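[1] quick one, fold the following:
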Amino acid sequence: MTSDLHPDPGRLVVVFTTNNPIQRYMVLDALKQAHIPSMENDICMPRRRIGHNILVPEKFLADARLVLSQLPFPITTGLPSVPPRIVAARSDRWSTWILAVGFLLALPLPCIVYNGQKRG
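    As a prediction, the model looks like this:
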């Protein structure tokens, strides 16, 4: 049973999958401007969101594909590739280690300089 406030959307289908926030907003905006009802849902792994699915009612699928085909990037569905923030997190580990080792090596430096000035 449906009401006027909450019409039955029918079966929802995925029309776009991304981990890029700009593409996500462009797709949602294009669908909104075309008056195509849509919703998004997160693709999650344990403790981490890795992307977003954009869904539309099945009866709007052809219209949604037509609207999205005009966007300046490829329309993809399925799991996104490794998200940029996860790759960045991996590269940040190296920089963290380099900074930590540099800090530990520089820590005794003031003591050496102070002791050298005291003798001379």
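[2] find the nearest non-adjacent residue to residue 54, please.
    On the basis of C-beta to C-beta, 6 or more residues apart in numbering, the spatially nearest residue to residue 54 that is not a chain neighbour turns out to be residue 16, at 4.2 Å. C-beta coordinates here come from the backbone N, C-alpha and C atoms, glycine included.
[3] and the one you found, that's in a helix?
    No: secondary structure assignment (DSSP: H, G, I helix; E, B strand; the rest coil) places residue 16 in strand, not in a helix.
[4] please renumber so the chain begins at 5
    OK, 5 is where the count begins now, so the last one is residue 20.
[5] what's near enough to touch it?
    With contacts defined as C-beta atoms under 8 Å, 6 or more residues apart in numbering, the neighbours of residue 20 are 27, 31, 57, 58, 72, 79, 80, 81.
[6] of the residues you listed, closest to residue 43?
    Minimum distance to residue 43 across the contacts of residue 20 is 7.7 Å, recorded for residue 58 (C-beta to C-beta).
[7] and residue 20, what's its pLDDT?
    Among the per-residue scores, residue 20 holds a pLDDT of 89.
[8] from the contacts of residue 20, which ones fall inside strands?
    With DSSP state E as the criterion, strands contain 57, 58 from among these.
[9] and which of the contacts of residue 20 is nearest to residue 102?
    Taking C-beta to C-beta as the measure, residue 102 lies nearest residue 27 of these, at 33.1 Å.
[10] how near is the closest residue to residue 19 other than its chain neighbours to residue 41?
    The shortest distance from residue 19 to any residue that is not its chain neighbour, by C-beta to C-beta, 6+ apart, is 4.8 Å, and that residue is residue 68. For residue 68, the distance to residue 41 equals 10 Å [C-beta to C-beta, to the nearest Å].
[11] neighbour-wise, which of these two wins?
    When neighbours are counted by other C-beta atoms under 10 Å, residue 68 comes out ahead of the other of residue 68 and residue 41, with 24 against 15.
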